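1. Take this sequence and fold it.
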Amino acid sequence: MTTFYLRYNLILLTLLSLPSLAAATIVISEVLADPPEGQAGDANRDGQYDPHEDEFIELYNAGRRRISLAGWRLGDSGSLSNYFRFPDDAVIEPGSYVVLFGGGNPLVFTVPVYTDDGTIGDGLTDTGEAIHLLNKRGSEVAYLYQSIWPDDQSLVRNAGEYVPHKTASPIEEPFSPGHGPETQPVLNYPLFISEVLADPPEGLAGDANRDGQYDPHKDEFIELYNAGPIPISLAGWRLGGSGSLRNYFRFPRDAIIEPGSYVVLFGGGRPSGFTVPVYTDDGTIGNGLTDTGESIHLIEDHGNEAAFLFQSTWPDDQSLVRTPPDSSALVPHKTASPTEAAFSPGDAPQPRPVLTYPLFISEVLADPPAGIDGDANQDGQRDKYEDEFIELYNAGPDTISLAGWRLGDSRPLIDYFRFPRDAVIGPSSYVVLFGGGSPTGFTVPVYTDDGTIGNGLTDTSEVIYLIDRIGSIVDSVSQSTWPDAQSIVRASMEDSTFVPHTTASPTQALFSPGRAIEAPSESASKAPATPSLQVWPNPFNTTTHLRFRLDQAASVHIAIYNIQGQLVRTLVNAPLHAGIHQMQWDGRDGRGHSAATGPYFIRFRIGHAPPRYAKLLLLR
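-> From the prediction side, this is the model:
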């Protein structure tokens, strides 16, 4: 009997001791008692920093068996009632981790994570703190006491000793909840740093983020490309230059990069018109990319380097780009772009598709005549800025939305007039932008700027741009000298230049906003020039008639040109007798083919006198 009880007690003692033996393989592997301030201290990856919720205790199972943590308690040296109690399904796998955060909503962890009620105990302190792990019977399984804790980083178990985390991390990370500081398996991601702009061109040409302004730091960018077949989460990943890791940009928790697509990080600004995800840093990428000796690092959420790029010298006024985006070859962007573009954030070096609109700037008045003759907006008074205007013409067969389009001079894009969301331009019709005032008596849509177009059109060295909603230039007009007291109108078809309005108008009108050149306003009554060219009907569908009178015999040249300045058809090029002459154009070119719908110009020249022009509209 005595032998039986001895054996029974020995077996019972062995069974009772098994959990303790298993538990002995669990160690407190890392403790963060002093999270770094700001986003760098967001240890639980919930998108916000909290000095208590981001504190954590990490456990590691060094054994070969799964261990249940059901009912176990973990906390600091305060009251046991304040300890965190693991739920019934809590387990820690062999060779793996479990993490307890003070609170928050931890995201993107591959090991079990738990949260306390906002603090671990009454909040871990970075002086004289003791950590206890107790099993469900109340026995102490693991213990850690530290009189002084490192600032802004965790204490981590490394080779059997506890050391400040940055001394154990190859990249000086402040913490690594859920994995070792340098033992986490490095995954090979099919990601590439595909383009970097470290030296944006000056002026509007360097507005890489398309926010309407040039900034040498905000327009810098780093582009990433996913060459793999599946989306990749970038939550918590960091991207930056060769400075301190705490200055790196950290991607938000919803950041992903789609397969075969891009993600772009700009230094700052307000990027617009992109079809891929774009992010902005705090005004600079790191402390500003430099165009000499710069290295770029993409660091995944475990602290491992996912992509790297180093360049000793960077090209001026353009980006450096991989072509194709997953290759090892890096070249100056202009050598890879068929159009010699300086950069292409969010796209391959070939130019992104640019829509071709049948729109053009058809007339500009930069110097309204003095007095009531300069009342171009017909509001009853002349103002040198409010009566300036830019006229657009739609030569196509369809109505085009101008919502979000910009129109202005060569000042910063932010000063351009932006068309409202209901703005449209009808087919074979006009839209006019005045500097200001209260325009009246127009049959086409008219808009007014804030008193000036830009900071006021000038009659010397002015450039006018029409820009669509995604930032592409639809049309531009560059003029070094402008005529006095009249507009310039697109009427010279031979070299696609603008001419003074009076030379194109049969009535020598000074301007004609919102209508064809030869159509005077109802309020205007001007004597016809001699000789004059009469055209009717205009617009026309099949045939239009031309009529003019010669006071004496002369050589006459009349030809039709399209809006690109190309000769469509010559109607007459011969000496004619004095008197009235009449001819017609049947809407066909010199080869007998029907001309397309749109605007045309008639060039009318007598002898060696300067040619005159008339605008003509063909509507099929």
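
2. all helices of the stretch 451-600 of the chain, in order?
-> 501-504 (DSSP state H, counting those that start in this stretch).

3. who does Leu546 bridge with?
-> Note on Leu546: beta-bridge partners Val535, Met583, judged by DSSP bridges.

4. Starting from Ser233, give me the distance back to the residue nearest to the spatial centre of the chain.
-> The residue lying closest to the centre of the chain (Cα atoms, centre = their mean) is Pro271, at 3.6 Å. Plainly put, Pro271 is 21 Å away from Ser233 if you go by Cβ to Cβ, to the nearest Å. In this view, the C-beta of every residue, glycine as well, is placed from N, C-alpha and C.

5. for Gly75, same thing?
-> 32 Å.

6. do the same with Leu59
-> Distance of Leu59 to Ser233, given as Cβ to Cβ: 25 Å.

7. Compare the two (neighbour count), which wins?
-> With neighbours defined as other Cβ atoms under 10 Å, Leu59 and Ser233 compare such that Leu59 has more, 25 against 16.

8. In contact with the more buried one, which residues?
-> Counting by Cβ atoms under 8 Å, 6 or more residues apart in numbering, Leu59 makes contact with 26-29, 74, 92, 97-100, 133, 142.

9. first to last residue in stretch 333-349, what's the distance?
-> End-to-end span of stretch 333-349 (Cα to Cα, to the nearest Å): 7 Å.

10. Please apply the same query to stretch 437-455.
-> Stretch 437-455 stretches 15 Å from its first residue to its last (Cα to Cα).

11. Who are the contact partners of Leu74?
-> Contacts for Leu74 were tallied using Cβ under 8 Å, 6+ apart; they are 57, 59, 83-84, 86, 100, 120, 131-134.

12. From those, pick the one nearest Val572.
-> Distance to Val572, by Cβ to Cβ, is smallest for Leu100 among these, at 94.1 Å.

13. how many other residues sit next to that closest one?
-> Using other Cβ under 10 Å, Leu100 has 21 other residues around it.

14. and it, what does it touch?
-> For Leu100, the contacting residues are 56-59, 74, 84, 113-116, 120, by Cβ under 8 Å, 6+ apart.

15. I'd like the distance between it and Leu616.
-> With the distance defined as Cβ to Cβ, Leu100 ends up 81 Å from Leu616.

16. Just the pLDDT for Ile361.
-> At Ile361, the model reports a pLDDT of 91.

17. picking that back up, any idea which of the contacts of Leu59 has the most stuff around it?
-> Ser29 (27 neighbours).

18. any idea which helix or strand carries that residue?
-> Following DSSP states H and E, the helix or strand that holds Ser29 is strand 26-32.

19. what's the spacing between that strand and its chain's center?
-> 43 Å (Cα atoms, centre = their mean, to the nearest Å).

20. Heading C-terminal from that strand, find the next helix or strand.
-> Once strand 26-32 ends, the next helix or strand along the chain (criterion: DSSP H and E) is strand 56-61.

21. Just checking: what are the partner strands of that following strand?
-> As assigned by DSSP bridges, strand 56-61 forms pairs with strand 26-32 (antiparallel), strand 97-101 (antiparallel).

22. Need those strands in TSV (columns: distance to Pro483 and mean pLDDT).
-> As requested, those are exported to TSV (distance: least, Cβ to Cβ, whole Å; pLDDT from 0 to 100):
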stretch	distance to Pro483	mean pLDDT
strand 26-32	73	93
strand 97-101	73	95
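
23. got the ones you listed as a markdown table, with distance to Ile453 columns?
-> Below are the strands paired with strand 56-61 laid out as a markdown table (distance: least, Cβ to Cβ, whole Å):
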| stretch | distance to Ile453 |
| --- | --- |
| strand 26-32 | 58 |
| strand 97-101 | 57 |
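
24. closest to Gly288 out of those?
-> Closest to Gly288 of those, according to Cβ to Cβ: strand 26-32, at 30.9 Å.

25. Can I get the closest one as PDB, trimmed to CA atoms?
-> Below are the C-alpha coordinates for strand 26-32, written out as PDB (Å, rounded to 0.1, in the frame of the first residue of the first chain):
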ATOM      1  CA  ILE A  26       7.800  31.200 -22.500                       C
ATOM      2  CA  VAL A  27       9.800  34.400 -22.000                       C
ATOM      3  CA  ILE A  28       9.000  38.000 -21.900                       C
ATOM      4  CA  SER A  29      10.800  38.900 -25.100                       C
ATOM      5  CA  GLU A  30      10.200  42.600 -25.600                       C
ATOM      6  CA  VAL A  31       8.600  45.500 -23.600                       C
ATOM      7  CA  LEU A  32       7.800  49.000 -24.900                       C
END
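
26. neighbouring contacts of that strand?
-> With contact meaning Cβ under 8 Å, 6+ apart, strand 26-32 is reached by 43, 54-63, 67, 92, 97, 124, 129, 131, 133, 141-144, 146, 149, 153-157, 165, 174-177, 180.
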